[in-house]
Each structure stands twice: as structure tokens, then as C-alpha cells.
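Chemist: Below are the sequence and a predicted model for it; my questions follow.
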Amino acid sequence: MSVKFYSRPNCSLCEEGLATLKLVQEDIPFQIEVVNIEDSDELHEKYMLMIPVVEKDGKVIQSGIIDYVTLLDKLSS
């Protein structure tokens, strides 16, 4: 399973979200693809007010404040 994590540099909420995602990764095996939204005008426009964003199978499963329980639930189903 692969999960995309949309973020940008110097975003403390993104750093916390990635740390939480890595905690979930210790319980459920999956790959994390970190995507910098500043590398694409389209992604920047789409996600700039939502980051960090966690996406699985093309669907956003959580954005903004990322929490362990929600991620564990969404990624294990």
C-alpha cells in the first residue's frame, strides 16, 4: 500500500502530521510518498489551505490536523 502525504517546507503542522503518519506506519506496513505542493502550481492551488493532506488510493483520508486514531482506522480498512 502506498500513501501520499502532501506538504510544503517550513510547515510545522506538516512536520507533526508526518510524524503521526510514521507512527501509524509502525503498526501497518505502507509506503509514504511525500509530495511538496510547491513543486506544482496545480497541487499548490488545490491543497495550499488544506495541508498537510494524507491521500490513499486517490482519496483524501485526512487533512489539516492529522491524528493517529483516524489514520489507523482509514489505513487499516
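Modeler: Okay, I see it. All values reported here derive from a predicted model rather than from experimental measurement.

Chemist: Can you report how many residues neighbour E45?
Modeler: Neighbourhood size, E45 [other Cβ atoms under 10 Å]: 10. Glycine gets a C-beta too; all of them are placed from N, C-alpha and C.

Chemist: export the helix or strand hosting it as PDB, just CAs?
Modeler: For E45, the host element (DSSP states H and E) is helix 41-47. Extracted in PDB, the C-alpha atoms of helix 41-47 (Å, rounded to 0.1, in the frame of the first residue of the first chain):
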ATOM      1  CA  ASP A  41       1.100  25.100  -9.400                       C
ATOM      2  CA  GLU A  42      -1.900  22.800  -9.600                       C
ATOM      3  CA  LEU A  43      -1.100  21.000  -6.300                       C
ATOM      4  CA  HIS A  44      -0.300  24.300  -4.600                       C
ATOM      5  CA  GLU A  45      -3.700  25.800  -5.600                       C
ATOM      6  CA  LYS A  46      -5.600  22.600  -4.700                       C
ATOM      7  CA  TYR A  47      -4.000  21.900  -1.300                       C
END
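
Chemist: Now the following helix or strand past that helix: buried residues?
Modeler: Downstream of helix 41-47, the next assigned helix or strand under DSSP H and E is strand 53-56. By 16 or more other Cβ atoms under 10 Å, the buried positions in strand 53-56 come out as 53-56.

Chemist: For this structure, which segments count as helices?
Modeler: Using DSSP state H, the helices of the chain run over residues 12-27, 41-47, 68-76.

Chemist: List the contacts of the shortest one.
Modeler: Around helix 41-47, the neighbours that count as contacts under Cβ atoms under 8 Å, 6 or more residues apart in numbering are 6, 8, 35, 37-38, 53, 63.

Chemist: Can you select the buried ones among those for me in ChimeraX?
Modeler: Restricted to buried positions by 16+ other Cβ under 10 Å, the ChimeraX selection for these reads:
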select :6,8,35,37,53,63
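
Chemist: Can I get the contacts of helix 41-47 in TSV including pLDDT and distance to T20?
Modeler: As requested, those are exported to TSV (pLDDT from 0 to 100; distance: Cβ to Cβ, whole Å):
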residue	pLDDT	distance to T20
Y6	97	14
R8	95	17
V35	97	17
I37	97	18
E38	96	22
V53	97	13
S63	96	13
